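> okay, sequence plus prediction incoming.
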Amino acid sequence: MKCPKCRSDNREGIRFCEECGAKLELECPDCNAKIPLGKKFCGECGYDLSKSAKPASLETNEHEIRISETPPEETKPTPIPAEGERKHVTVLFSDLTGYTTMSEKLDPEEVKEITSRIFGKISKIVGKYDGFIEKYAGDAVMALFGVPKVHEDDAIRAIKSGREIHIVVENISAEQEGKIGFPLSMHTGIATGLVITGQINFDLCEENNE
């Protein structure tokens, strides 16, 4: 009988290798009978040993694969904190005058239609000058110029955006004044200064400018 560990030949009927001491018999998984190595079926119950037998080399390979699929702790990426950056930023804040009165007089769907049209136009104007809408707050909108895209004339771009916003709202107001009963207008404030910026969601900026 050949030892599976050291490959040396042994006498028939022995249970351990005479060269290295390795065990030379198996145990039936069904009836626990002792079975010599190399047999395909259990001599006590007829169990097919090929169903449960698994080469030692295969077990080792599967273990190695499981280990290799788990990256070492030091290779895992760690989040990098956003660092502040000093930038000159121009902020445009504009709110719709007459919104409350219009909401009280018109149906909510009509109010939504008018405001959606106004803010849709504002978004396109701001995007045309490479600014982005930072947020909408009820009847107001706040836009930034200088982040993430920087220009030497960001303040001028904000002023031009504000002027166009006023013109657009005046035109829409002229169309809706008969229904509303009074004119709509925008009040706009613009401020420029040095700020500390953090991470900016550029995908969100692009969506706001579409």
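It's in.
> for the rest of this, base every contact and every neighbour count on C-alpha atoms.
Will do.
> model confidence score at I196, please.
pLDDT recorded at I196 is 78.
> contact partners for G146?
Going by C-alpha atoms under 8 Å, 6 or more residues apart in numbering, G146 touches 87-90, 131, 154.
> just among the residues you listed, which is most surrounded?
When neighbours are counted by other C-alpha atoms under 10 Å, G131 leads these with 30 neighbours.
> who touches that one in this structure?
143-147, 149, 158, 209.
> buried subset of those residues?
143-147, 158, 209 (16 or more other C-alpha atoms under 10 Å).
> three-state assignment of C6?
coil (DSSP: H, G, I helix; E, B strand; the rest coil).
> which pLDDT value goes with the closest residue to it other than its chain neighbours?
In space, and not counting its chain neighbours, C6 is closest to C20: 6.8 Å by C-alpha to C-alpha, 6 or more residues apart in numbering. pLDDT recorded at C20 is 80.
> which helices and strands does the lengthiest helix in the chain pack with?
Looking across the chain with DSSP state H, the single longest helix is helix 154-180. Helix 154-180 sits against strand 85-97, helix 108-128, strand 140-145, strand 185-197, with contacts defined as 3 or more C-alpha pairs under 8 Å, 6 or more residues apart in numbering; DSSP states H and E.
> surely C45 touches K34?
No - using C-alpha atoms under 8 Å, C45 makes no contact with K34, being 11.2 Å away.
> higher neighbour count, those two?
Shown here are C45 and K34; by other C-alpha under 10 Å, K34 has more neighbours (15 against 12).
> now the more buried one: closest residue in space that isn't a chain neighbour?
E27 (4.7 Å).
> which residues touch the one you found?
So E27 contacts 33-35 (C-alpha under 8 Å, 6+ apart).
> hang on, the earlier thing: the longest helix of the chain versus strand 185-197: what angle between them?
150 degrees (axes from the mean of the first three to the mean of the last three C-alpha atoms, to 10 degrees).
> next one: whichever strand or helix holds S103 to chain centre, how far?
Per DSSP states H and E, S103 falls inside helix 99-105. Distance of helix 99-105 from its chain centroid, counting by C-alpha atoms, centre = their mean, to the nearest Å, is 40 Å.
> same thing with stretch 101-119?
35 Å.
> and the contacts of G146, which two are furthest apart?
K87 and G131 (14.4 Å; C-alpha to C-alpha).
> re the thing from before, just the contacts of E27 now: which is nearest R7?
Proximity to R7 was ranked across the contacts of E27 by C-alpha to C-alpha; first place goes to I35, at 18.6 Å.
> wait, that closest one sits on C45?
No - look at I35 against C45 with C-alpha under 8 Å: they stay out of range, at 11.0 Å.
> E85: neighbour count?
Close neighbours of E85, defined as other C-alpha under 10 Å, add up to 12.
> wait, it touches I196, no?
Yes - E85 is within contact range of I196, at 5.2 Å (criterion: C-alpha under 8 Å).
> what about G13, which SS state?
Under three-state DSSP, G13 comes out as coil.
> next, count neighbours for it.
Neighbours around G13, by other C-alpha under 10 Å: 10.
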